[in-house]
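Engineer: requesting a structural model of the entry that follows:
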Amino acid sequence: MSELSQNTSVPNSMVGRDPNSVPLDEIDVSQADLFFSNTMWGFFDRLRKEDPVHYCANSENGPYWSITKYKDIMAIEADHDTFSSDKRITVLERKGDLNNTTSFIAMDEPEHGNQRRTVQGVVAPSNLAILEPIIRERVIGILESLPVGETFNWVDRVSIELTTQMLATLFDFPFEERHKLTYWSDVATTQPGPDGLVETDEEQFRVLAEECLPAFTKLWNERVNEPPSSDLISMLAHGESTRHMQPMEFLGNLMLLIIGGNDTTRNSLSGGVLALNENPEQYQKLRDDVSLIPKLVPEIIRWQTPLTHMARTATKDTVVGGKNIKKGDLLVMWYVSGNRDEDEIDRPYEFIIDRDKPRHHLSFGFGVHRCMGNRLAEMQIRIAWEEIMKRFSFVEVVGDPVRSHSPFIKGFTELPVRLHPL
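Structural biologist: Just a heads-up that it's a prediction; the model follows:
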């Protein structure tokens, strides 16, 4: 696995340290280096056992509470009056002009529900039925273009390509320019720095405000003067609660829809290949019985947990897990930890493709903010594995994966593989 040097520049870095020897009050699980090196698990295990509602006073992103147990996370998700989405939805502290953007995921009721309903139709069952043959045709085209017996990057050739094609369809975005969508998604979720996709907060905002926003504003201006259609931009342009959005709100909603439509599917497609390679007995189980694919899909999504967390802000003094939470405190619901909670999930550190209740996980969130596109994501991954199993006996991982450098997006930038035909 990709490992970082212990000589990291992050103050009080957790990387390379024994999770059980770090003083409890020093633990900071929001560090991107932990997720890049995939060494966060021991810290979450300790927090769940010793301090499931844990206060971190000092981090790069300011003070926050870590909520690490499944039931505590569910309780917070369910109480959207006490725990607001309006201020900040991730542990990452947005700086500079990005603070001026907003989206319906960062709104409370009733504004959140009004805007969400405007675009909900794109993932309605009737529209999913229309999309399914399109997705299958594209999956087949991608898989049949792959070089059998040669090493290539699965992330680029399969995971990114499939999700980018789907995003272009949902937005009715110019298909030949679809890779811009992936780039803008990656820019929006990266942590600026010398080794990142962008170096500064100013550059991050410039790319989104001067490249992404004008491109979509052009599409908006075209769609608003046409009859309503089933693409996301037309829905926003004609929606009663979204048609008068200011530019920064439009940009915020674009980022939400691009990231939401990209990262869950993209990183689960790669994460599933890696998980099956790391658990060969499960891969053989799949080869022996492809009817397990509908259970395989949610297990991949639980195992990968593509979005590690969401955050809420307390609207009043309250108590969570016996801890006194003050009004204005930030609470980070670590889905990645809840999905490994031994009290809620049987053998959570085992990848099991035939679980009795495979959808019993937190990867899509819960309550009014539950992921709008969860069924679309599952459908894309299901179709991908149905077509993979028709063609290849083994998608073999032949090198170390390179993981995303983010405490929010739990994904991959590289996964070298070699295909073995049936």
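Engineer: could you check how far Arg88 is from Glu210?
Structural biologist: To Glu210, Arg88 is 25 Å away according to C-beta to C-beta, to the nearest Å. Any C-beta I mention is one placed from the backbone N, CA and C, and that applies to glycine too.
Engineer: do the same with Gly271
Structural biologist: According to C-beta to C-beta, Gly271 stands 33 Å off from Glu210.
Engineer: same deal with Val15?
Structural biologist: 35 Å.
Engineer: who's in contact with Gly271?
Structural biologist: By C-beta atoms under 8 Å, 6 or more residues apart in numbering, the contact list for Gly271 reads 300, 303-304, 306, 411-412.
Engineer: helices - which of those residues land there?
Structural biologist: Under the assignment DSSP state H, those contribute 300, 303-304 to helices.
Engineer: let me have the residues you listed in a markdown table, adding pLDDT and distance to His54 as columns.
Structural biologist: Listed next are the ones in helices among the contacts of Gly271 as a markdown table, based on pLDDT from 0 to 100; distance: C-beta to C-beta, whole Å:
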| residue | pLDDT | distance to His54 |
| --- | --- | --- |
| Ile300 | 98 | 28 |
| Trp303 | 98 | 24 |
| Gln304 | 97 | 24 |
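Engineer: Thr308 contacts Pro407, doesn't it?
Structural biologist: Yes - shown here, Thr308 and Pro407 form a contact pair, counting by C-beta atoms under 8 Å, at 6.2 Å.
Engineer: who touches both of those two?
Structural biologist: Residues touching both Thr308 and Pro407 by C-beta under 8 Å, 6+ apart: Phe35.
Engineer: on that earlier part again, of the contacts of Gly271, which is the nearest to Gly196?
Structural biologist: The closest of the contacts of Gly271 to Gly196 turns out to be Gly411 (C-beta to C-beta; 14.4 Å).
Engineer: how near is that closest one to His405?
Structural biologist: In this view, Gly411 and His405 are 10 Å apart by C-beta to C-beta.
Engineer: swap in Leu292?
Structural biologist: Using C-beta to C-beta, Leu292 is found at 33 Å from His405.
Engineer: which SSE is Ala129 in?
Structural biologist: Per DSSP states H and E, Ala129 falls inside helix 125-144.
Engineer: got the buried residues for that helix?
Structural biologist: 128, 131, 135-136, 138-139, 142-143 (16 or more other C-beta atoms under 10 Å).
Engineer: so Gly411 and His405 - more neighbours on which side?
Structural biologist: Gly411 (28 against 20; other C-beta atoms under 10 Å).
Engineer: picking up where we left off before, can you give me how far the helix holding Ala129 is from the chain middle?
Structural biologist: From the chain centre to the centre of helix 125-144 is a distance of 21 Å (C-alpha atoms, centre = their mean, to the nearest Å).
Engineer: any idea of the mean pLDDT in it?
Structural biologist: The average pLDDT for helix 125-144 rounds to 89.
Engineer: what is it packed up against?
Structural biologist: helix 161-171, helix 374-391 (3 or more C-beta pairs under 8 Å, 6 or more residues apart in numbering; DSSP states H and E).
Engineer: you'd agree Leu232 is up against Leu170?
Structural biologist: Yes - counting by C-beta under 8 Å, Leu170 is a contact partner of Leu232 at 5.4 Å.
Engineer: for Phe394, pull up the helix or strand it's in.
Structural biologist: Per DSSP H and E: strand 392-397 holds Phe394.
Engineer: following that strand in sequence, what is the next regular element?
Structural biologist: From strand 392-397 onward toward the C-terminus, using DSSP H and E, the following helix or strand is strand 402-403.
Engineer: ok, and what's touching that following strand?
Structural biologist: 2, 35-38, 410-415.
Engineer: sorry, back to before: can the helices and strands packed on helix 125-144 go into JSON lines with extra columns for mean pLDDT, distance to Ile353 and mean neighbour count?
Structural biologist: Output for the helices and strands packed on helix 125-144, formatted as JSON lines (pLDDT from 0 to 100; distance: least, C-beta to C-beta, whole Å; neighbours: other C-beta atoms under 10 Å):
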{"stretch": "helix 161-171", "mean pLDDT": "89", "distance to Ile353": "21", "mean neighbour count": "22"}
{"stretch": "helix 374-391", "mean pLDDT": "93", "distance to Ile353": "10", "mean neighbour count": "20"}
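Engineer: minimum distance to Ala57: which of those has it?
Structural biologist: Of all the helices and strands packed on helix 125-144, it is helix 374-391 that lies closest to Ala57, at 34.8 Å by C-beta to C-beta.
Engineer: could I have the closest one exported to CSV, CA atoms only?
Structural biologist: Listed in CSV are the C-alpha atoms of helix 374-391, where the atom choice follows Å, rounded to 0.1, in the frame of the first residue of the first chain:
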residue,chain,number,x,y,z
ASN,A,374,-27.7,6.1,-4.3
ARG,A,375,-29.8,3.9,-6.6
LEU,A,376,-28.0,5.3,-9.7
ALA,A,377,-24.6,4.6,-8.1
GLU,A,378,-25.6,1.1,-7.2
MET,A,379,-27.0,0.5,-10.7
GLN,A,380,-23.8,1.6,-12.4
ILE,A,381,-21.6,-0.6,-10.2
ARG,A,382,-24.0,-3.6,-10.6
ILE,A,383,-24.0,-3.3,-14.4
ALA,A,384,-20.2,-2.9,-14.4
TRP,A,385,-19.7,-6.1,-12.5
GLU,A,386,-22.3,-8.0,-14.5
GLU,A,387,-20.3,-7.1,-17.7
ILE,A,388,-16.9,-7.6,-16.1
MET,A,389,-17.8,-11.2,-15.1
LYS,A,390,-19.0,-12.0,-18.6
ARG,A,391,-15.5,-11.2,-20.0
